[in-house]
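Coordinates only, no sequence provided:
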């Protein structure tokens, strides 16, 4: 993730490669607007995952969030997205 004036963001090249990785047809094209939108969606997803993980840890009176807290919020997070 890059860090700029507006906060952290994913590199467009990385998002583009991730998208192409899952396409079955090698001829599939992705517009630059689609990459920008996917980058924003990934950013929202990561921020929401971190916030929910921290909230889960807090609900369990833990001062640090760990993988167990993340695993507890993951099913609902995936359903929400």
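Structure's in. What do you need? Keep in mind that this is a model prediction, so the values were computed, not measured.

Show me where this structure has its helices.
With helices called from DSSP state H, the chain shows them at 12-22, 32-59, 67-80.

okay, the ones you listed, which one's buried deepest?
Counting by mean count of other Cβ atoms under 10 Å, helix 32-59 has the highest mean neighbour count of the helices of the chain, with a mean of 14. Any C-beta I mention is one placed from the backbone N, CA and C, and that applies to glycine too.

packing partners for that helix?
strand 7-9, helix 12-22, helix 67-80 (3 or more Cβ pairs under 8 Å, 6 or more residues apart in numbering; DSSP states H and E).

Compile the ones you listed into CSV and extend it with columns for distance to residue 36.
Listed next are the helices and strands packed on helix 32-59 as CSV, based on distance: least, Cβ to Cβ, whole Å:
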stretch, distance to residue 36
strand 7-9, 10
helix 12-22, 7
helix 67-80, 22
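
Of the ones you listed, which shows the lowest average pLDDT?
Among these, strand 7-9 has the lowest mean pLDDT, at a mean of 74.

coming back round to it: which stretch among the helices and strands packed on helix 32-59 comes nearest residue 53?
helix 67-80 (4.7 Å; Cβ to Cβ).

on contacts alone, who are the packing partners of the closest one?
Against helix 67-80 (3+ Cβ pairs under 8 Å, 6+ apart) you get helix 32-59.

so the helix it packs on versus helix 67-80, what angle?
Angle, helix 32-59 to helix 67-80, by axes from the mean of the first three to the mean of the last three Cα atoms, to 10 degrees: 130 degrees.

Could you pull up the residues touching the closest residue in space to residue 20 that isn't next to it in sequence?
Spatial nearest neighbour of residue 20, chain neighbours left out: residue 30 (7.0 Å); criterion: Cβ to Cβ, 6 or more residues apart in numbering. By Cβ atoms under 8 Å, 6 or more residues apart in numbering, the contact set of residue 30 is 16, 19, 20.
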